[in-house]
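Participant: can't give you the sequence, but here's the structure:
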């Protein structure tokens, strides 16, 4: 994991090869329409907000709230060390775009400790809320067309283990793999 460079100094991303790619929309993760290609960087923004009260379920972050930690990651496969130096309890926001180059039915597997929710294009795909150990939750098939699809994962950690991972099974694939 690396700390993101300011948007003005990041090299701009070109369209990556493969059927499915995660992209960060520099400064436009909440935009209604996908940003132009020149404004997208490969990866995901991970924002961690430490909170004072104990958590049992997912909790919304106030609009414009400044995170304690703000990182760009190449893929979502985070273990305990990836959340350092955050102190539990905390809430995590993961923001980016999915680039789908192959239309069809995708399945997603969200592994989290504690609760997490995957949203694609404004639709909840996996809801794995509540306090629990590092366990996966798999979506029903999701039909995606070629193009950009907004991605958001909300997560919380109440203490103990820390895991947050997004895997997928492409159309025709036999197994899940961490989304590249």
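Facilitator: Perfect, thanks for sending it. No experiment lies behind these values; they were computed from the predicted model shown. Numbers count the residues shown, from 1 in each chain.
Participant: Find the least confident helix or strand in the chain, judged by mean pLDDT.
Facilitator: Every helix and strand of the chain was ranked by mean pLDDT, DSSP states H and E. The lowest is strand 20-25, at a mean of 41.
Participant: For whichever helix or strand comes after it, which strands pair with it and how are they oriented?
Facilitator: Following strand 20-25 in sequence order, the next helix or strand is strand 40-42 (DSSP states H and E). Strand 40-42 sits in its sheet next to strand 20-25 (antiparallel), going by DSSP bridges.
Participant: What values do phi and psi take at residue 44?
Facilitator: The phi/psi pair for residue 44 (degrees, to the nearest 10) reads phi -130, psi 150.
Participant: That one pairs with what?
Facilitator: residue 73.
Participant: All further residue positions should be reported with the first residue as 10.
Facilitator: Right, with 10 as the first residue, what we last looked at is residue 53.
Participant: which residues are in contact with the strand or helix carrying residue 163?
Facilitator: Per DSSP H and E, residue 163 falls inside strand 156-166. For strand 156-166, contacts defined as CB atoms under 8 Å, 6 or more residues apart in numbering pick out 31-32, 38, 43, 53, 64, 66-69, 85, 92, 95, 97-109, 119, 121-131, 173, 175. (C-beta placed from N, C-alpha, C; glycine too.)
Participant: Just the buried residues from the residues you listed, in PyMOL please.
Facilitator: The PyMOL selection below is limited to those of the contacts of strand 156-166 classed as buried (16 or more other CB atoms under 10 Å):
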select buried, resi 31+32+38+43+53+64+67+85+92+95+97+98+99+100+101+102+103+104+105+106+107+108+109+119+121+122+123+124+125+126+127+129+173+175
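Participant: And the strand holding residue 163, how far out from the chain middle?
Facilitator: Averaging C-alpha positions (CA atoms, centre = their mean, to the nearest Å) puts strand 156-166 4 Å from its chain's average.
Participant: May I see the buried residues of it?
Facilitator: 157, 158, 159, 160, 161, 162, 163, 164, 165, 166.
Participant: Which of these sits closest to residue 143?
Facilitator: For those, the closest approach to residue 143 (CB to CB) belongs to residue 166, at 10.9 Å.
Participant: so what's residue 60 up against?
Facilitator: 68, 98, 99, 100.
Participant: Tell me what the last one is bridged to.
Facilitator: What it means is residue 100. Judged by DSSP bridges, the bridge partners of residue 100 are residue 58, residue 165.
Participant: in this protein, which residue is closest to the centre?
Facilitator: Centre of the chain computed as the mean C-alpha position; nearest residue by CA atoms, centre = their mean is residue 103, 3.8 Å away.
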